[in-house]
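[1] got a predicted structure here, sequence first:
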Amino acid sequence: MSKDLGKIEKPPISKYQDKRKLYAVPLLLSSDKAPQEFKDMAKEYWQQVEKQLENLENSIGCVNHIYHEAVSNETDALDSLKKLSSGTYPIIEKAINTGAKLEALEDRELILATTDWERFMMIGIASQAVAKIASDAYVQNTKERFIYMSQKINGTLMPSQAAVLFLREYEQLHLDSDIEVFSVAPPVLNDINRWLREQADRPYHEVEQPTTPDAKTTKESHKKSNRKNKEAS
């Protein structure tokens with residue numbers, strides 16, 4: 001059962017001492033090309049995440065495992081995250097220095113397959129039959145990714161342990177019923193979601209540089225929307 005972090009007020013550690021605990025953090029990525037306004041919100045977001053994770057560790061339990069989207073190799077994962085996610089890197093480095101283990105959450109082949117199907121759909125497919133094949137394959141690969149990640153967490157998180165998860169859509173995971181999930185939701189996340197919705201609603205030519213992994217999909221949707229508008233006129 002997922003819990004709203006904003007409603008948690010230092011629960012007694014004894015209540016969760018023998019349980020498996022997962023601190024779920026929505027993964028937010030940015031880039032050098034992102035608008036400054038978004039960069040500022042992203043910086044504040046990760047500062048708030050770090051503070052809330054500290055509160056959880058102090059009241060419920062220290063992090064033993066770290067799970068991060070797109071990490072499929074434990075050997076050079078930290079170096080990769082330094083380039084991929086500047087927001088999570090300092091938090092993860094700190095956790096590792098205090099004894100936590102960065103796990104290989106994903107299967108590399110599933111990541112590559114899902115990414116390839118996504119790119120294939122974005123190029124614009126004329127045939128509906130081919131488009132359906134690509135869409136079905138993408139959906140199936142995505143399901144397999146979440147199944148793999150769920151099994152990884154279920155199999156490595158032991159009783160009385162706690163872990164932190166950085167994932168964009170962790171609601172799609174199928175975790176064992178005895179895992180207590182605590183959703184980390186910093187206040188600034190509402191502002192970020194509002195900003196992203198406003199960007200998506202703007203005409204395509206006004207949209208600024210993409211700032212998240214899903215931004216390409218947003219740009220493509222703008223293109224399709226504009227094409228439909230022209231066809232309808």
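    Nice, thanks for sending it over. Residues are numbered from 1 along each chain as shown.

[2] the one helix or strand residue 55 maps to packs against which elements?
    Using DSSP states H and E, residue 55 sits in helix 36-59. In this structure, helix 36-59 packs against strand 20-26, helix 89-97, strand 162-167, helix 188-201, with contacts taken as 3 or more C-beta pairs under 8 Å, 6 or more residues apart in numbering; DSSP states H and E. Heads up, the C-betas are built off the backbone N, CA and C, glycines and all.

[3] would you tell me which of the ones you listed gets closest to residue 69?
    strand 162-167 (4.7 Å; C-beta to C-beta).

[4] could you check how many residues crowd around residue 94?
    Neighbours of residue 94 under the rule other C-beta atoms under 10 Å: 14.

[5] now do residue 87
    Residue 87 has 22 nearby residues by other C-beta under 10 Å.

[6] for it, helix, strand, or coil?
    coil (DSSP: H, G, I helix; E, B strand; the rest coil).

[7] which helix or strand in this structure has the lowest average pLDDT?
    In the chain, no helix or strand scores lower on mean pLDDT, DSSP states H and E than helix 215-232, which sits at a mean of 40.

[8] and stretch 76-83, what's buried?
    For stretch 76-83, burial by neighbour count (16 or more other C-beta atoms under 10 Å) applies to 77, 78, 80, 81.

[9] out of those residues, which are inside strands?
    Among these, no member is found in strands (DSSP state E).

[10] helices - which of the residues you listed land there?
    Residues of those located in helices (DSSP state H): 77, 78, 80, 81.

[11] what's the angle from the longest helix belonging to the chain to strand 20-26?
    Longest helix in the chain, counting residues (DSSP H): helix 128-156. Angle of helix 128-156 versus strand 20-26, following axes from the mean of the first three to the mean of the last three C-alpha atoms, to 10 degrees, is 140 degrees.

[12] pull out the buried residues from helix 128-156.
    134, 137-138, 141-142, 145-146, 148-150, 152-153, 156.
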